[in-house]
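[1] This is the structure alone, sequence omitted:
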(Lines give C-alpha, C1' and ligand atoms only; values in the text may rest on other atoms or scores of the structure.)
Protein backbone atom coordinates (compact mmCIF):
# COMPACT_ATOMS: atom_id res chain seq x y z
CA UNK A 1 0.00 0.00 0.00
CA UNK A 2 1.44 3.35 -1.05
CA UNK A 3 0.97 6.47 1.02
CA UNK A 4 0.30 9.78 -0.62
CA UNK A 5 2.65 12.59 0.36
CA UNK A 6 1.18 15.22 2.67
CA UNK A 7 0.29 18.63 1.31
CA UNK A 8 3.29 20.03 3.17
CA UNK A 9 5.71 17.59 1.54
CA UNK A 10 4.13 18.02 -1.88
CA UNK A 11 4.29 21.80 -1.56
CA UNK A 12 8.00 21.63 -0.73
CA UNK A 13 8.71 19.42 -3.75
CA UNK A 14 6.60 21.44 -6.19
CA UNK A 15 7.97 24.79 -5.07
CA UNK A 16 11.53 23.48 -5.28
CA UNK A 17 10.80 22.31 -8.83
CA UNK A 18 9.42 25.76 -9.70
CA UNK A 19 12.53 27.48 -8.32
CA UNK A 20 14.73 25.13 -10.34
CA UNK A 21 12.76 25.94 -13.49
CA UNK A 22 12.99 29.69 -12.81
CA UNK A 23 16.72 29.42 -12.26
CA UNK A 24 17.25 27.41 -15.45
CA UNK A 25 15.19 29.80 -17.57
CA UNK A 26 17.84 32.52 -17.29
CA UNK A 27 20.17 30.33 -19.34
CA UNK A 28 17.41 29.20 -21.71
CA UNK A 29 16.40 32.76 -22.53
CA UNK A 30 20.01 33.93 -22.85
CA UNK A 31 20.57 31.19 -25.43
CA UNK A 32 17.25 31.80 -27.21
CA UNK A 33 18.02 35.51 -27.67
CA UNK A 34 20.38 34.47 -30.45
CA UNK A 35 17.27 33.53 -32.45
CA UNK A 36 14.85 36.27 -31.40
CA UNK A 37 15.17 39.90 -30.34
CA UNK A 38 14.53 40.36 -26.58
CA UNK A 39 11.20 42.19 -26.70
CA UNK A 40 9.85 39.93 -29.44
CA UNK A 41 10.73 36.90 -27.34
CA UNK A 42 8.82 38.43 -24.42
CA UNK A 43 5.77 39.08 -26.58
CA UNK A 44 5.69 35.52 -27.90
CA UNK A 45 6.18 34.09 -24.43
CA UNK A 46 3.46 36.16 -22.79
CA UNK A 47 0.99 35.61 -25.65
CA UNK A 48 1.37 31.84 -25.33
CA UNK A 49 0.98 32.05 -21.54
CA UNK A 50 -2.14 34.24 -21.86
CA UNK A 51 -3.71 31.84 -24.35
CA UNK A 52 -3.02 28.90 -22.02
CA UNK A 53 -4.55 30.69 -19.02
CA UNK A 54 -7.62 31.69 -21.04
CA UNK A 55 -8.13 28.09 -22.08
CA UNK A 56 -7.82 26.81 -18.51
CA UNK A 57 -9.79 29.61 -16.81
CA UNK A 58 -12.44 30.28 -19.46
CA UNK A 59 -15.33 29.52 -17.11
CA UNK A 60 -14.08 31.95 -14.46
CA UNK A 61 -13.69 34.65 -17.12
CA UNK A 62 -17.38 34.75 -18.05
CA UNK A 63 -18.21 37.31 -15.36
CA UNK A 64 -15.34 39.76 -15.22
CA UNK A 65 -16.07 42.80 -13.06
CA UNK A 66 -14.82 46.34 -13.54
CA UNK A 67 -12.68 45.95 -10.41
CA UNK A 68 -11.06 42.80 -11.82
CA UNK A 69 -10.31 44.53 -15.10
CA UNK A 70 -8.77 47.62 -13.49
CA UNK A 71 -6.76 45.60 -10.97
CA UNK A 72 -5.47 43.18 -13.58
CA UNK A 73 -4.49 46.06 -15.86
CA UNK A 74 -2.44 47.84 -13.18
CA UNK A 75 -0.68 44.66 -12.10
CA UNK A 76 -0.10 43.60 -15.70
CA UNK A 77 1.59 46.89 -16.61
CA UNK A 78 4.12 46.48 -13.78
CA UNK A 79 4.67 42.84 -14.75
CA UNK A 80 5.31 43.74 -18.39
CA UNK A 81 7.72 46.50 -17.37
CA UNK A 82 9.72 44.07 -15.26
CA UNK A 83 9.96 41.46 -17.98
CA UNK A 84 10.85 43.98 -20.69
CA UNK A 85 13.76 45.43 -18.73
CA UNK A 86 14.88 42.01 -17.52
CA UNK A 87 15.03 40.40 -20.95
CA UNK A 88 16.60 43.49 -22.54
CA UNK A 89 19.20 43.50 -19.78
CA UNK A 90 19.92 39.80 -20.22
CA UNK A 91 21.11 40.53 -23.76
CA UNK A 92 23.94 42.60 -22.19
CA UNK A 93 24.85 40.64 -19.05
CA UNK A 94 25.27 37.04 -17.90
CA UNK A 95 22.44 34.77 -16.69
CA UNK A 96 24.04 34.47 -13.24
CA UNK A 97 24.32 38.25 -12.79
CA UNK A 98 20.78 38.73 -14.07
CA UNK A 99 19.41 36.22 -11.58
CA UNK A 100 21.20 37.72 -8.58
CA UNK A 101 20.24 41.31 -9.48
CA UNK A 102 16.61 40.28 -10.10
CA UNK A 103 16.66 38.73 -6.63
CA UNK A 104 16.98 42.23 -5.20
CA UNK A 105 13.20 42.50 -5.52
CA UNK A 106 13.00 41.10 -1.98
CA UNK A 107 15.00 44.11 -0.81
CA UNK A 108 13.03 46.76 -2.70
CA UNK A 109 9.67 45.55 -1.32
CA UNK A 110 10.44 46.32 2.35
CA UNK A 111 12.10 49.59 1.30
CA UNK A 112 8.94 50.66 -0.56
CA UNK A 113 6.79 49.45 2.34
CA UNK A 114 8.37 52.08 4.58
CA UNK A 115 5.94 54.57 3.04
CA UNK A 116 2.39 54.18 4.44
CA UNK A 117 0.82 55.44 1.20
CA UNK A 118 2.41 52.55 -0.72
CA UNK A 119 2.21 49.83 1.92
CA UNK A 120 -0.87 47.56 1.75
CA UNK A 121 -3.29 48.05 4.63
CA UNK A 122 -2.65 44.60 6.15
CA UNK A 123 1.14 44.70 5.71
CA UNK A 124 3.31 45.49 8.75
CA UNK A 125 5.90 48.24 8.51
CA UNK A 126 9.39 46.83 7.84
CA UNK A 127 11.64 46.47 10.88
CA UNK A 128 15.32 47.32 11.32
CA UNK A 129 16.63 43.95 9.98
CA UNK A 130 15.28 44.97 6.56
CA UNK A 131 17.75 47.87 6.54
CA UNK A 132 20.64 45.49 7.28
CA UNK A 133 19.47 43.17 4.52
CA UNK A 134 19.24 46.07 2.09
CA UNK A 135 22.77 47.22 2.92
CA UNK A 136 24.17 43.70 2.48
CA UNK A 137 22.42 43.31 -0.86
CA UNK A 138 23.53 46.75 -2.05
CA UNK A 139 27.15 45.95 -1.17
CA UNK A 140 26.82 42.67 -3.04
CA UNK A 141 25.33 44.42 -6.05
CA UNK A 142 28.32 46.76 -6.25
CA UNK A 143 30.78 43.87 -6.02
CA UNK A 144 28.88 41.83 -8.60
CA UNK A 145 28.42 44.54 -11.21
CA UNK A 146 31.57 46.68 -10.96
CA UNK A 147 35.17 45.74 -11.82
CA UNK A 148 38.04 45.78 -9.34
CA UNK A 149 39.44 49.26 -8.75
CA UNK A 150 36.06 50.98 -8.89
CA UNK A 151 35.92 54.18 -6.81
CA UNK A 152 33.12 56.48 -5.67
CA UNK A 153 33.93 58.80 -8.58
CA UNK A 154 33.49 56.25 -11.36
CA UNK A 155 31.04 53.85 -9.77
CA UNK A 156 28.08 54.69 -11.99
CA UNK A 157 30.11 54.50 -15.19
CA UNK A 158 31.54 51.13 -14.11
CA UNK A 159 28.19 49.36 -13.79
CA UNK A 160 27.31 47.53 -16.99
CA UNK A 161 24.37 48.65 -19.13
CA UNK A 162 22.72 45.26 -18.85
CA UNK A 163 23.09 45.33 -15.07
CA UNK A 164 21.35 48.71 -14.89
CA UNK A 165 18.45 47.46 -17.03
CA UNK A 166 18.12 44.42 -14.77
CA UNK A 167 18.14 46.65 -11.69
CA UNK A 168 15.16 48.58 -13.13
CA UNK A 169 13.45 45.24 -13.69
CA UNK A 170 13.84 44.39 -9.98
CA UNK A 171 12.20 47.72 -9.05
CA UNK A 172 9.33 47.02 -11.46
CA UNK A 173 8.83 43.52 -10.08
CA UNK A 174 8.73 44.97 -6.56
CA UNK A 175 6.02 47.40 -7.69
CA UNK A 176 4.18 44.47 -9.28
CA UNK A 177 4.27 42.53 -6.02
CA UNK A 178 3.04 45.47 -3.94
CA UNK A 179 0.21 46.21 -6.39
CA UNK A 180 -0.68 42.51 -6.29
CA UNK A 181 -0.90 42.69 -2.49
CA UNK A 182 -3.38 45.56 -2.84
CA UNK A 183 -5.57 43.83 -5.44
CA UNK A 184 -5.42 40.06 -4.90
CA UNK A 185 -7.63 39.94 -1.77
CA UNK A 186 -10.48 41.56 -3.72
CA UNK A 187 -10.24 39.83 -7.12
CA UNK A 188 -10.72 36.14 -8.01
CA UNK A 189 -7.32 34.52 -8.54
CA UNK A 190 -8.11 33.03 -11.96
CA UNK A 191 -9.37 36.37 -13.29
CA UNK A 192 -6.46 38.37 -11.89
CA UNK A 193 -3.86 35.93 -13.23
CA UNK A 194 -5.36 35.78 -16.70
CA UNK A 195 -6.01 39.52 -17.03
CA UNK A 196 -2.55 40.56 -15.84
CA UNK A 197 -0.79 38.16 -18.24
CA UNK A 198 -3.03 39.29 -21.12
CA UNK A 199 -2.43 42.97 -20.34
CA UNK A 200 1.29 42.28 -20.12
CA UNK A 201 1.16 40.76 -23.60
CA UNK A 202 -0.67 43.84 -24.92
CA UNK A 203 1.88 46.19 -23.32
CA UNK A 204 4.68 44.15 -24.85
CA UNK A 205 3.06 44.42 -28.27
CA UNK A 206 2.75 48.21 -27.91
CA UNK A 207 6.37 48.63 -26.75
CA UNK A 208 7.82 46.19 -29.27
CA UNK A 209 9.12 48.96 -31.60
CA UNK A 210 11.23 50.33 -28.72
CA UNK A 211 13.46 47.26 -28.92
CA UNK A 212 15.05 48.31 -32.19
CA UNK A 213 15.44 46.04 -35.18
CA UNK A 214 13.50 42.79 -34.82
CA UNK A 215 14.82 39.40 -35.77
CA UNK A 216 13.29 35.96 -35.51
CA UNK A 217 14.65 32.58 -36.56
CA UNK A 218 12.58 29.55 -35.68
CA UNK A 219 14.94 26.98 -34.18
CA UNK A 220 14.48 24.03 -31.80
CA UNK A 221 16.14 25.93 -28.94
CA UNK A 222 13.78 28.89 -29.43
CA UNK A 223 10.71 26.64 -29.47
CA UNK A 224 11.90 24.82 -26.35
CA UNK A 225 12.67 28.10 -24.56
CA UNK A 226 9.25 29.55 -25.42
CA UNK A 227 7.43 26.39 -24.33
CA UNK A 228 9.24 26.22 -20.99
CA UNK A 229 9.09 29.92 -20.16
CA UNK A 230 5.47 30.41 -21.25
CA UNK A 231 3.83 27.23 -20.00
CA UNK A 232 6.03 26.18 -17.10
CA UNK A 233 7.78 29.34 -15.86
CA UNK A 234 4.79 31.68 -16.32
CA UNK A 235 1.36 30.02 -16.48
CA UNK A 236 2.03 26.96 -14.32
CA UNK A 237 4.70 28.35 -11.98
CA UNK A 238 2.65 31.22 -10.58
CA UNK A 239 -0.31 28.89 -10.04
CA UNK A 240 1.84 26.30 -8.25
CA UNK A 241 3.49 28.95 -6.09
CA UNK A 242 0.12 30.35 -5.01
CA UNK A 243 -1.04 26.88 -3.95
CA UNK A 244 2.23 25.84 -2.30
CA UNK A 245 2.42 28.89 -0.05
CA UNK A 246 -0.91 27.92 1.51
CA UNK A 247 0.72 24.78 2.90
CA UNK A 248 4.20 25.98 3.88
CA UNK A 249 5.49 28.07 6.78
CA UNK A 250 6.78 31.44 5.54
CA UNK A 251 10.36 30.65 6.56
CA UNK A 252 10.41 27.43 4.51
CA UNK A 253 8.99 29.21 1.48
CA UNK A 254 11.49 32.04 1.75
CA UNK A 255 14.46 29.68 1.95
CA UNK A 256 13.33 27.80 -1.15
CA UNK A 257 12.69 30.96 -3.16
CA UNK A 258 16.08 32.46 -2.39
CA UNK A 259 17.66 29.46 -4.11
CA UNK A 260 16.66 30.77 -7.55
CA UNK A 261 19.88 32.75 -8.20
CA UNK A 262 21.88 29.74 -7.03
CA UNK A 263 20.16 27.48 -9.56
CA UNK A 264 20.70 30.13 -12.24
CA UNK A 265 24.42 30.31 -11.53
CA UNK A 266 24.68 26.52 -11.37
CA UNK A 267 22.84 26.12 -14.69
CA UNK A 268 25.02 28.78 -16.31
CA UNK A 269 28.11 26.93 -15.09
CA UNK A 270 26.92 23.52 -16.30
CA UNK A 271 25.51 24.55 -19.68
CA UNK A 272 27.40 27.70 -20.65
CA UNK A 273 30.60 27.11 -18.61
CA UNK A 274 30.27 30.58 -17.11
CA UNK A 275 32.33 31.30 -14.01
CA UNK A 276 31.94 34.05 -11.44
CA UNK A 277 35.30 35.49 -10.44
CA UNK A 278 36.18 35.88 -6.77
CA UNK A 279 34.87 39.45 -6.60
CA UNK A 280 31.58 38.58 -8.31
CA UNK A 281 31.18 35.44 -6.21
CA UNK A 282 31.65 37.50 -3.05
CA UNK A 283 29.00 39.91 -4.30
CA UNK A 284 26.62 37.04 -4.99
CA UNK A 285 27.12 35.74 -1.45
CA UNK A 286 26.40 39.22 -0.04
CA UNK A 287 23.19 39.43 -2.10
CA UNK A 288 22.04 36.01 -0.94
CA UNK A 289 22.85 36.99 2.65
CA UNK A 290 20.86 40.20 2.28
CA UNK A 291 17.91 38.38 0.75
CA UNK A 292 17.96 35.66 3.42
CA UNK A 293 18.32 38.20 6.25
CA UNK A 294 15.41 40.26 4.94
CA UNK A 295 13.21 37.21 4.36
CA UNK A 296 13.95 35.19 7.46
CA UNK A 297 14.34 37.94 10.07
CA UNK A 298 12.49 41.08 9.09
CA UNK A 299 9.22 39.89 7.58
CA UNK A 300 6.44 37.53 8.56
CA UNK A 301 5.50 36.73 4.98
CA UNK A 302 7.85 35.61 2.16
CA UNK A 303 8.47 37.87 -0.79
CA UNK A 304 8.51 35.84 -4.02
CA UNK A 305 11.54 35.96 -6.26
CA UNK A 306 10.71 36.66 -9.87
CA UNK A 307 11.69 34.39 -12.69
CA UNK A 308 12.77 35.36 -16.09
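    Structure received. Bear in mind that the values here come from a model prediction, so they are computed numbers and not experimental data.
[2] going forward, measure contacts between C-alpha atoms and count neighbours the same way
    Will do.
[3] Give the closest residue to residue 80 in space, chain neighbours not counted.
    Excluding its sequence neighbours, the residue lying closest to residue 80 (CA to CA, 6 or more residues apart in numbering) is residue 200, at 4.6 Å.
[4] Contacts only, for that neighbour.
    Residue 200 is in contact with 46, 76-77, 79-80, counting by CA atoms under 8 Å, 6 or more residues apart in numbering.
[5] how does it look with 10 Å?
    Listed by CA atoms under 10 Å, 6 or more residues apart in numbering, the contact partners of residue 200 are 42-43, 46-47, 50, 72-84, 194, 206.
[6] And for residue 185?
    With CA under 10 Å, 6+ apart, residue 185 has no contacts at all.
[7] distance of residue 148 from residue 138?
    16 Å (CA to CA, to the nearest Å).
[8] Compare these two and say which one has the larger neighbour count.
    Under the criterion of other CA atoms under 10 Å, the comparison of residue 148 against residue 138 puts residue 138 first, with 19 against 10.
[9] quick one: low-confidence parts of the stretch 201-308 of the chain?
    Residue ranges of the stretch 201-308 of the chain with pLDDT under 70: 242, 244-258, 294-308.
[10] Helices of that one, start to end?
    Taking DSSP state H, counting those that start in this stretch, the helices of the stretch 201-308 of the chain run over residues 220-227, 237-244, 250-257, 260-272, 278-293.
[11] For those, give me CSV that also has mean neighbour count and distance to residue 185.
    Shown next, in CSV, are those (neighbours: other CA atoms under 10 Å; distance: least, CA to CA, whole Å):
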stretch, mean neighbour count, distance to residue 185
helix 220-227, 17, 30
helix 237-244, 17, 13
helix 250-257, 20, 18
helix 260-272, 21, 27
helix 278-293, 22, 26
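[12] right, so of those, which gets closest to residue 117?
    helix 278-293 (24.2 Å; CA to CA).
[13] Can you tell me which of the helices of the stretch 201-308 of the chain is nearest to residue 19?
    helix 260-272 (5.3 Å).
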